[in-house]
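Chemist: Below is the sequence, then the predicted model.
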Amino acid sequence: MSSYQIPAARHQVELIIKNSRFLTTIAHTPDKASADAFIQELREQHPSANHNCWAFVAGKPDDSRLWGCSDDGEPKGTAGRPMLNVLSHSGVGEISVVVTRYFGGIKLGTGGLVRAYSQAVREGLETLPLATVVPKAPLRLSADFAMTGQLEHLLNQYEVQVTQRDWQEQLLIEGEIELTRLEEFQQALQPYSGITLLSCE
């Protein structure tokens, strides 16, 4: 599992094609529930629009189980599927796009609609601010009190984000480490008999 990019902020661009107004709104949606909520919000914001077509990749970019799309009344296959095609090839995850269309009186035809909705998403992605998600693994460690100095040094060295320290008979630590550094961290612990890795799932 490698790192991937997600939207860093909500983003909107506008496109006019043959008098039709295409308003592209993009949001960070880390799961299907937030994607559904975002789509509903846009529908309510634009009740007089002719169409609110949408597509989402609600999880990691390569997890097609969390993909979805809708033509929202446009001819079948002319909006949602082309939008999803652009999204699924972008490498961006946890993303939803709604393209709101206000009809301008000139019909675009099926090929014109496919091009218009694809272009609307591409233009939105071109200027979309992005953030990077680095997959992490949770850690639980215990250490003899005499080993706390060495352990703290290792935690800093491998940039472990500590979420809890519990002083009992031993020091118990919970935290997260970047998945790509986990194996190296496990090897670094081996020489220290007073430090135990309890779990890393």
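Modeler: Yep, it's here.
Chemist: Can you give me the domain boundaries for the chain?
Modeler: Taking automatic domain parsing as the reference, the chain has its domains at 4-132, 135-199.
Chemist: Is it possible to get TSV of those domains that adds mean neighbour count?
Modeler: Heads up, the C-betas are built off the backbone N, CA and C, glycines and all. Formatted as TSV, the domains of the chain follow (neighbours: other C-beta atoms under 10 Å):
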stretch	mean neighbour count
domain 4-132	18
domain 135-199	15
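Chemist: Mind putting the ones you listed into a markdown table with mean pLDDT?
Modeler: Converted to a markdown table, these look like this (pLDDT from 0 to 100):
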| stretch | mean pLDDT |
| --- | --- |
| domain 4-132 | 96 |
| domain 135-199 | 89 |
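Chemist: Okay, helices next: where are they in this structure?
Modeler: Along the chain, the stretches classed as helices by DSSP state H are 32-45, 80-88, 109-126, 148-157, 182-189.
Chemist: Helix 109-126 and the second one, what's the angle between them?
Modeler: Relative orientation of helix 80-88 and helix 109-126, computed by axes from the mean of the first three to the mean of the last three C-alpha atoms, to 10 degrees: 30 degrees.
Chemist: Looks like residue 93 contacts residue 67 (just checking).
Modeler: No. Contact criterion C-beta atoms under 8 Å: residue 93 and residue 67 do not qualify, at 10.5 Å.
Chemist: before we move on, back to that, let's have the helices of the chain in TSV, adding distance to residue 21.
Modeler: Shown next, in TSV, are the helices of the chain (distance: least, C-beta to C-beta, whole Å):
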stretch	distance to residue 21
helix 32-45	14
helix 80-88	16
helix 109-126	10
helix 148-157	53
helix 182-189	49
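Chemist: Of the ones you listed, give the one that comes closest to residue 176.
Modeler: With distances scored as C-beta to C-beta, the stretch of the helices of the chain nearest to residue 176 is helix 182-189 (10.1 Å).
Chemist: Could you list the residues in contact with that closest one?
Modeler: Outside helix 182-189, the residues within contact range by C-beta atoms under 8 Å, 6 or more residues apart in numbering are 137, 154, 157, 158, 160, 177, 195, 197, 200.
Chemist: run the last query once more with 7 Å
Modeler: The contact list for helix 182-189 (C-beta atoms under 7 Å, 6 or more residues apart in numbering) reads 137, 154, 158, 177, 195, 197, 200.
Chemist: before we move on, what about stretch 142-158?
Modeler: When contacts are defined by C-beta under 7 Å, 6+ apart, stretch 142-158 is touched by residues 141, 162, 170-172, 177, 181, 185, 188-189, 192, 194-196, 198.
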